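# Turn this into a model:
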Amino acid sequence: MKLVIMERDGVINEDVDDTVTSPAEWKPIPGSLAAIARLHRAGWRVVVATNQSGIARQRLDLDALTLIHDRMHRSVAEAGGLIDAVFFCPHAADEDCECRKPKPGLYLDIARRLRVDLKSVPVIGHSLDDLQAARAVGAHPILVKTGKGTETLSHHDLGSDVSVFRDLTSAVDALLTPDAGS
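Next up, the predicted model:
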């Protein structure tokens with residue numbers, strides 16, 4: 001099975017200052033839906049792993065999050081793609097849970113539920129937290145410059161194991177070329 005894990009905000013949809021609180025606020029980044037569709041057509045399973053502290057901060061509830069994810073799923077389906085699963089952490093940063101990135105709990109849950117080893121699985125994110133969580137499980141960290149990606153790139157030494165791309169479209173281009181991806 002070919003598997004790719006990606007962050008939602010800043011990778012698939014526009015990142016906002018606080019949190020996306022309604023389906024109307026969920027705006028896909030140009031090209032992201034088509035990129036997911038290309039992965040799906042090429043036989044990849046796409047899983048989203050996202051911190052959603054807006055729940056703990058009472059900026060949105062589980063019903064609103066479900067509606068946002070329904071819109072995302074429908075939008076991807078309309079583009080010809082499929083998101084196989086969405087895993088999220090509902091906790092605030094100060095709760096010190098195991099599922100909030102940069103801790104690896106979300107990814108470990110994905111590995112357990114899908115019965116896969118995440119070694120070398122591409123993980124596409126836009127923040128240092130995304131990259132650190134990927135490293136913690138032996139996955140291949142990929143940074144896109146959308147969302148907070150450019151800021152992350154300019155403020156941190158990411159290391160030689162991180163692949164950097166302009167956006168999800170260019171990251172998917174690299175994954176779908178022969179001898180790339182896993």
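# Going by length in residues, pull out the top strand of this protein.
Identified as the longest strand of the chain according to DSSP state E is strand 44-51.
# strands paired with that strand, and their directions?
strand 2-6 (parallel), strand 85-89 (parallel) (DSSP bridges).
# For the ones you listed, give me TSV that also has mean neighbour count, mean pLDDT and distance to residue 74.
In this view, the C-beta of every residue, glycine as well, is placed from N, C-alpha and C. What follows is these, written out as TSV (neighbours: other Cβ atoms under 10 Å; pLDDT from 0 to 100; distance: least, Cβ to Cβ, whole Å):
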stretch	mean neighbour count	mean pLDDT	distance to residue 74
strand 2-6	23	97	18
strand 85-89	18	97	13
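# Quick one: closest of those to residue 141.
Closest to residue 141 of these is strand 2-6 (Cβ to Cβ; 10.4 Å).
# same for the very next helix or strand once past the closest one, what does it pack against?
The element immediately downstream of strand 2-6 (helix or strand, assigned by DSSP states H and E) is helix 32-41. Applying 3 or more Cβ pairs under 8 Å, 6 or more residues apart in numbering; DSSP states H and E, one finds that helix 32-41 makes contact with strand 44-51, helix 62-78, helix 168-176.
# hey, which of those is tucked in deepest?
Ranked by mean neighbour count, the helices and strands packed on helix 32-41 are led by strand 44-51 with a mean of 23 (mean count of other Cβ atoms under 10 Å).
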